[in-house]
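In: quick one, what's the 3D model for this:
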Amino acid sequence: MSLEEKDTSSGRDIREYKCSECGHSDWEDRGPALWQILHDDAHERLAGAQPPPPLVQATAQSLPEPQPEPTPNAFAHRAAKASWIICVVVMLLNGFGKRIVGLGVALELVAFLGLVVGLVMGIVALFGIRKYGTKGILANALVGIVINGLFLLIFVTNFFAAVRRG
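Out: Residues are numbered from 1 along each chain as shown. Modelled structure (predicted):
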């Protein structure tokens, strides 16, 4: 006979054997299953154990100082977003405004001022990191500073090249 199945789901170790030649099967109950014995033992130990001691309350001096909650409507957050949004608006105005005849110089002046304001807003937003943390400020401010700085660099180099040409 060979072991066909072992079942311990009832908490008892029950084994079924089957003869491969004649097909006769038989089963035996070998007593409580090992997991049931271990479970009962752990349950008895926990029932007799004393409760754990209460946790010691921490004093105010031992607690770390709470971090400031980010305020997404704070000026630093708005300035960081404005730094790159102003650049996008300036580029859209510059791209579509050149089709309107007579707005060339005025549009260039508005674009220059917009890029300067965007760069300043990005720099101002970086000063809010100490108070509000980096979340929502650092990435937006850096993107605004880099984009506005690059466009200002292009703007200034083109201006000086135009002045040299007369």
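In: for the rest of this, base every contact and every neighbour count on C-alpha atoms.
Out: OK.
In: so which bits of the one helix or strand residue 153 maps to are buried?
Out: According to DSSP states H and E, residue 153 maps onto helix 138-165. Buried residues in helix 138-165, counting neighbours by 16 or more other CA atoms under 10 Å, are found at 138, 140-145, 147-149, 151-152, 155.
In: take those residues and lay them out in CSV including distance to residue 24 and pLDDT.
Out: Formatted as CSV, the buried residues of helix 138-165 follow (distance: CA to CA, whole Å; pLDDT from 0 to 100):
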residue, distance to residue 24, pLDDT
138, 77, 91
140, 78, 92
141, 81, 93
142, 80, 94
143, 80, 93
144, 83, 93
145, 85, 94
147, 84, 94
148, 87, 92
149, 89, 93
151, 90, 92
152, 93, 92
155, 95, 87
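In: now render those residues as CSV, adding distance to residue 111.
Out: Shown next, in CSV, are the buried residues of helix 138-165 (distance: CA to CA, whole Å):
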residue, distance to residue 111
138, 24
140, 20
141, 19
142, 20
143, 18
144, 15
145, 15
147, 13
148, 11
149, 13
151, 10
152, 9
155, 9
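In: show me which of the residues you listed is closest to residue 122.
Out: Using CA to CA, residue 141 comes nearest to residue 122 of these, at 4.5 Å.
In: contact partners for that closest one?
Out: With contact set as CA atoms under 8 Å, 6 or more residues apart in numbering, residue 141 has these partners: 79, 80, 81, 83, 84, 121, 122, 123, 125, 126.
In: having no further points to raise, I will conclude here.
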